[in-house]
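Student: Structure of the sequence below:
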Amino acid sequence: MHVVELSNHPGDMLDHAARRRVAAEQRVLAVHEDELVRYHARVRAIEVKRDRARARHSWWAWLRLSVAAWKEKRTLPRSPVSSTGHAGEGRTDLEEKIRAGIEGEQLVATELGRALDDDWTLLRGYVNRRGEIDQLLVGPRGLFAIEVKNLNATVHVDGDRWRADKYDNYGNLVEQRPIVDRMGRSPSMQLNEPADELERFLRERGQPVPVRRAVVLAHRRSELGTVRHPTVRVGVSAAYVLALIGDAAGGQLDRAQRAEVQRLIRHDHDFHAKRRGPRSGLPR
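Tutor: This next block holds a predicted model:
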């Protein structure tokens, strides 16, 4: 299987999040350094007064200032940075979430690559005006759009409403939350909106190729719970996508069609990627 990286949006997001964290840490360090300067100035001022009192044999003043210096030294500002030096210890929850997504996408790509031959191409990070698709798989049996979610949870689907239930080691429900992106879209909406737009784009350019859609739950502890009225296919692991490929009826693409579909996808992606820019408000 050939792999083409059209864009690396998760990597860009991770880099941006890391740079924001580092900038915030630097601001905190600057504040801490200012506090240290003021702290040492306060301690030194008391010590100077104490030493002068001793030189004058003003023992009561010397005792009072000695106690004041001792108390002031106990107010040493604590460093905001851990001294353990463990790699990645300072990562934010957002960074960990993005990293998990990247790992999930790579896991699916690796498993597909092991099973598919060179007649297949995986295009990663396609974007159009309706959003981004993690992976587009083009091959003899058609065009497949794949959204990857790396969730350590039991996922329930009711139409376009998705929910993640998380349990502890004793089977107790400890968290229940909707699965949505920052635009409030569930995984099926995240996938269907740009996939519908891609299907329209290809059809208008003489390639009426259906875009088959699948959401893959890539985490090794992901489980699929209740599924009612799904608007996309949902499965656990890349094996589910391979099963869909094996069951695909119609939509066969010969070598020339595959090349043209890939050309059009790249052209469309490049157009929207330029318009999107690194900080546009297009949905993810």
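Student: Other residues contacting stretch 185-205?
Tutor: Residues outside stretch 185-205 that contact it (Cβ atoms under 8 Å, 6 or more residues apart in numbering) are 126-133, 136, 145, 147, 149, 157, 159-162, 178-181, 208-211, 213, 215, 230-232, 261, 264-265, 268, 283-284. C-beta here means a position set from N, CA and C on the backbone, and glycine is covered the same way.
Student: so which helix or strand takes in the closest residue to residue 115 other than its chain neighbours?
Tutor: Distances taken as Cβ to Cβ, 6 or more residues apart in numbering place residue 242 nearest to residue 115, at 5.4 Å, with adjacent residues excluded. Using DSSP states H and E, the element containing residue 242 is helix 238-247.
Student: ok, residues contacting that helix?
Tutor: 107-108, 111-112, 115-116, 137, 139, 141-142, 144, 146, 212, 214, 216, 218, 233, 235.
Student: Buried among these? Make that a PyMOL selection.
Tutor: Per 16 or more other Cβ atoms under 10 Å, the buried members of the contacts of helix 238-247 correspond to this PyMOL selection:
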select buried, resi 107+108+111+112+116+137+139+141+142+144+146+212+214+216+218+233+235
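Student: Return the subset of the contacts of helix 238-247 lying in strands.
Tutor: Among these, the residues falling in strands (DSSP state E) are 137, 139, 142, 144, 146, 212, 214, 216, 233, 235.
Student: Tell me which two of the residues you listed sit farthest apart.
Tutor: Put simply, by Cβ to Cβ the two of those set farthest apart are 139 and 235, 17.9 Å from each other.
Student: returning to what we had before: which among the ones in strands among the contacts of helix 238-247 gets closest to residue 41?
Tutor: Using Cβ to Cβ, the ones in strands among the contacts of helix 238-247 come closest to residue 41 at residue 216, 59.4 Å.
Student: Quick check: that closest one vs residue 231, distance?
Tutor: Residue 216 sits 15 Å away from residue 231, taking Cβ to Cβ, to the nearest Å as the criterion.
Student: Then residue 38?
Tutor: Residue 38 is 60 Å from residue 231, by Cβ to Cβ.
Student: higher neighbour count, the two?
Tutor: Using other Cβ atoms under 10 Å as the criterion, residue 38 and residue 231 rank with residue 231 on top: 15 against 11.
Student: Can you check the pLDDT for the spatially closest residue to that one that is not a sequence neighbour?
Tutor: Distances taken as Cβ to Cβ, 6+ apart place residue 188 nearest to residue 231, at 4.7 Å, with adjacent residues excluded. If you check residue 188, the pLDDT there is 97.
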